[in-house]
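*Asks:* Could you look at this predicted model? Sequence included:
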Amino acid sequence: MDIFNIISLLGGLAMFLYGMRLMGDSLKENSSGTLKVVMGRVTDNAFKAFALGVLVTALIQSSTATIVITAGLVSAGILTLHQSLGIIIGANVGTTVTGQIIRLLDIDGSGSAVLRFFQPSTLAPIALIIGIVLIMGSFFKNARSVGNIAIGFGILFSGLLNMTGAVNSLTQSGMIENLFSGLGSNPVLGYLVGAGVAFVLQSSSATIGILQAFSATGLLAFKSIYAIIVGIYLGDCVTTAIVCSIGSKSEARRVGIVNILFNLSETALVLTGVAIAHRMGLLDGLWERTVNSGIIANTNTVFNLTCALALFPMLRVYEKLSRVIVKDEPVRESKYKTVIDALNPVFFNTPALAFQSCYQLLLSVFKASRSNIESAFQLLKEYDPILHDEIQSEETEIDHMTDLVSKYMVGLVPHLQSEVHVAIMDQYYKTASEFERLGDHAVNIAGYAAALCGSNTILSNAVRSELAVIESAVINILDETEQTFRKRDVDAARKIEPLVQVIGEMITVLKRNHLKRMVTGEDNIYADATFSNLLTDLQQIAEVCSNIGIATLVRVYPELADHEHLYFERLHAGGDEEYDALYSRVRQRYFTLLTGITDMQVKDESASEKAPSEV
């Protein structure tokens, strides 16, 4: 034995692990959307869930990935914990497929061209050739993904062959023989070795593959490897549980706990069963027998499949134990609890009271959305991750309240008794979705601020000054919108459309100014996409306010209901003196501020041009 053999062994291990990762990741990337849809449709039939777990894990070559995807679906509410139980057990069985593929190492191709073709030494280069042809010779994403799968398969077997060659060299030292002889006489040590290696590699398939590579030495007996195989189950499931627990809800953490409970039961069952069978002499023909990769693969499959069938009736017990171990998270009381609780179906028979409850909740939604917009503007000035998280949390409340009030209004519809009630319902139902859209735009703006901060992109002083002007116009239109909805104020509603038009014109000017400054190098070209998206969101906020305003006007003037487009055409055509006066006043106010910024910029540029000559 020398250092070069060890380097060769570790290099082969690296290739094996990378090939497995590349093949699994490519399979997941190519089919993850389909997998999630299929897994999301699992019924309460545990046997179907079990079959799905086996199939998915065999496909993506990773029980950890299958269980983590399942935990994500449970966390998202697509699956229940009960539905996930069969998938978890199926994933543990599906992971044995990799070992069955690796058993191709045992093929002796000396007497048959067909058998020689299926030897890893032949399959590896063929897979690599196919993979590189697909990657370099195709412009289609799916073909390149298949190429990556083939490359991963080829690298996996190349690494396996490299490990096998290195292990054969190491046998000459006698170290390997002594190691496995010790493991054969001490099952506990073998169990710990299997668990430790699987935990470090984060893959039971990879650990089984390494054991199969060592079987090429001809020194492994069944008594040496069965405890290692059982230990591998525990080491891998601990890693899975940790991954499921990071930033997850309690239901997702329970998925990881169920996996641990199943694997603990499996190890206890296998170790007890093997010990009893050995004492009774049932394993005498196998105990001292030298094992190859095929026997290791079969042992792994038999252990997993037998335990899965034997422990299937324990599914509900595992579910109950996981709920005992992982307690439900304390439910934080919403600060909007009062207005939410007011949405009581008892009021359906008295629509006036029901509408009052809707009004109070909708007003809360608007205020929350407006507050989020103002907070998002603050993030553009100085990014604060804590404030960003608060915006996200408030958006969750906004979505929840909008969903509740929408369902409440649907339930109220059959109880409406007059045209007045129908008019109110029409206004409220339209404004509910518009208020939620305001919150969505706030989240978008906060995201732009985070993107600018993350890329260390700084907006120029001119951009910041212009944004301050248009932000003040947006706050102004939100003020008028709130007044419109709160008091059904027609005068406030009429002030919204002039602001919409002026904000649109300001955005056109800001885009033109930004383009000019990019040409001169004053504005950061890398901020262009973010800046354009930001202006689009500001424009859409104004349009949302316009929709809210017209919904109020339609409630007051029902004759506008089918002629909204004519109303807007008349306003923009200059046929309304009141609108023209409001528009002129608003435009002068904000464009005076924009012109002042441009004039200051011109003066600054002139001063900078004169400075060298003065010096």
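*Replies:* Cool, the structure landed.

*Asks:* neighbouring contacts of stretch 306-316?
*Replies:* 46, 50, 85-86, 89-90, 92-93, 262, 265-266, 269-270 (CB atoms under 8 Å, 6 or more residues apart in numbering). All C-beta spots, glycine's among them, are computed from the backbone N, C-alpha and C.

*Asks:* ah, wrong one, I meant stretch 413-433
*Replies:* Contacts to stretch 413-433, defined as CB under 8 Å, 6+ apart, come from residues 348-349, 351, 354-355, 358-359, 362, 365, 402, 405-406, 409, 412, 485, 547-548, 551-552, 554-555, 558.

*Asks:* Give the buried subset of those as a ChimeraX selection command.
*Replies:* Paste this into ChimeraX to select the buried members of the contacts of stretch 413-433, with burial taken from 16 or more other CB atoms under 10 Å:
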select :348,351,354,355,358,359,362,365,402,405,409,412,485,547,548,551,552,554,555
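
*Asks:* Count residues in the vicinity of Val420, would you?
*Replies:* 14 (other CB atoms under 10 Å).

*Asks:* circling back to that earlier point, can you tell me which of the contacts of stretch 413-433 end up in helices?
*Replies:* Among the contacts of stretch 413-433, the members falling in helices (DSSP state H) are 351, 354-355, 358-359, 362, 365, 402, 405-406, 409, 412, 485, 547-548, 551-552, 554-555.

*Asks:* how does this protein divide into domains?
*Replies:* Using automatic domain parsing, the domain ranges for the chain come out as 3-325, 346-456, 458-610.

*Asks:* For the ones you listed, which has the smallest mean pLDDT value?
*Replies:* Comparing mean pLDDT across these, the weakest is domain 3-325, with a mean of 76.

*Asks:* Quick check: the gap between the spatially most central residue of the chain and Leu59.
*Replies:* Most central in the chain under CA atoms, centre = their mean is Gly72, positioned 8.1 Å from the mean C-alpha point. Per CB to CB, to the nearest Å, Gly72 is found 17 Å from Leu59.

*Asks:* what does Asp491 give?
*Replies:* 64 Å.

*Asks:* Identify the residue spatially nearest to Ala450, adjacent ones excluded.
*Replies:* His388 (6.0 Å; CB to CB, 6 or more residues apart in numbering).

*Asks:* State the phi and psi torsions of the one you found.
*Replies:* His388 adopts backbone torsions of phi -60, psi -40, taken as degrees, to the nearest 10.

*Asks:* ok, it touching Cys453?
*Replies:* No: the pair His388 / Cys453 is not scored as a contact, 9.3 Å apart, by CB atoms under 8 Å.

*Asks:* For the stretch 51-200 of the chain, which segments count as helices?
*Replies:* 63-75, 81-94, 97-102, 113-117, 120-137, 141-170, 175-185, 187-201 (DSSP state H, counting those that start in this stretch).

*Asks:* Now that we have those helices, can you turn them into a markdown table and tack on distance to Ala376?
*Replies:* Shown next, in a markdown table, are the helices of the stretch 51-200 of the chain (distance: least, CB to CB, whole Å):
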| stretch | distance to Ala376 |
| --- | --- |
| helix 63-75 | 27 |
| helix 81-94 | 36 |
| helix 97-102 | 48 |
| helix 113-117 | 62 |
| helix 120-137 | 42 |
| helix 141-170 | 35 |
| helix 175-185 | 61 |
| helix 187-201 | 43 |
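
*Asks:* Select, out of the ones you listed, the one closest to Leu286.
*Replies:* helix 175-185 (12.7 Å; CB to CB).

*Asks:* quick revisit: so between Asp491 and Leu59, which is more surrounded?
*Replies:* Shown here are Asp491 and Leu59; by other CB under 10 Å, Leu59 has more neighbours (17 against 12).

*Asks:* Against Glu436, how distant is the more buried one?
*Replies:* From Leu59 to Glu436 the distance is 39 Å (CB to CB).

*Asks:* same deal with Leu81?
*Replies:* 30 Å.

*Asks:* What of Arg316?
*Replies:* Separation of Arg316 from Glu436 (CB to CB) stands at 40 Å.

*Asks:* check contacts around Leu305.
*Replies:* So Leu305 contacts 93, 96 (CB under 8 Å, 6+ apart).

*Asks:* what do you get for Leu379?
*Replies:* Leu379 makes contacts with 387-388, 391, 445-446, 449-450, as judged by CB under 8 Å, 6+ apart.

*Asks:* how about the CA coordinates for stretch 87-102, as PDB?
*Replies:* Taking Å, rounded to 0.1, in the frame of the first residue of the first chain, the C-alpha atoms of stretch 87-102 are listed here in PDB:
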ATOM      1  CA  ILE A  87     -44.100   8.000   0.100                       C
ATOM      2  CA  ILE A  88     -41.500   8.000   3.000                       C
ATOM      3  CA  ILE A  89     -41.400   4.200   3.200                       C
ATOM      4  CA  GLY A  90     -41.400   3.800  -0.600                       C
ATOM      5  CA  ALA A  91     -38.400   6.200  -0.800                       C
ATOM      6  CA  ASN A  92     -36.400   3.900   1.500                       C
ATOM      7  CA  VAL A  93     -37.100   0.900  -0.800                       C
ATOM      8  CA  GLY A  94     -36.600   2.900  -4.000                       C
ATOM      9  CA  THR A  95     -33.000   3.800  -3.000                       C
ATOM     10  CA  THR A  96     -32.000   0.200  -3.400                       C
ATOM     11  CA  VAL A  97     -32.300   0.500  -7.200                       C
ATOM     12  CA  THR A  98     -28.900   2.100  -7.400                       C
ATOM     13  CA  GLY A  99     -27.200  -0.900  -5.800                       C
ATOM     14  CA  GLN A 100     -28.900  -3.200  -8.300                       C
ATOM     15  CA  ILE A 101     -27.500  -1.100 -11.200                       C
ATOM     16  CA  ILE A 102     -24.000  -1.200  -9.600                       C
END
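
*Asks:* from the chain's centre, how far out does that stretch sit?
*Replies:* Computed by CA atoms, centre = their mean, to the nearest Å, the chain-centroid distance of stretch 87-102 equals 25 Å.

*Asks:* Equivalent analysis for stretch 311-318, please.
*Replies:* Offset of stretch 311-318 from its chain centre (CA atoms, centre = their mean): 30 Å.

*Asks:* From Gly190, how far out is Ser224?
*Replies:* 7 Å.

*Asks:* Backbone dihedrals for Ala221, both of them.
*Replies:* Dihedral angles for Ala221 - degrees, to the nearest 10 - are phi -110, psi 160.

*Asks:* so it touches Glu288, yeah?
*Replies:* Yes: Ala221 is in contact with Glu288 according to CB under 8 Å; the separation is 5.5 Å.

*Asks:* So what's the residue count around the spatially closest residue to the residue nearest to the centre of the chain that is not a sequence neighbour?
*Replies:* Distances taken as CB to CB, 6+ apart place Ala252 nearest to Gly72, at 7.0 Å, with adjacent residues excluded. By other CB under 10 Å, 23 other residues sit near Ala252.
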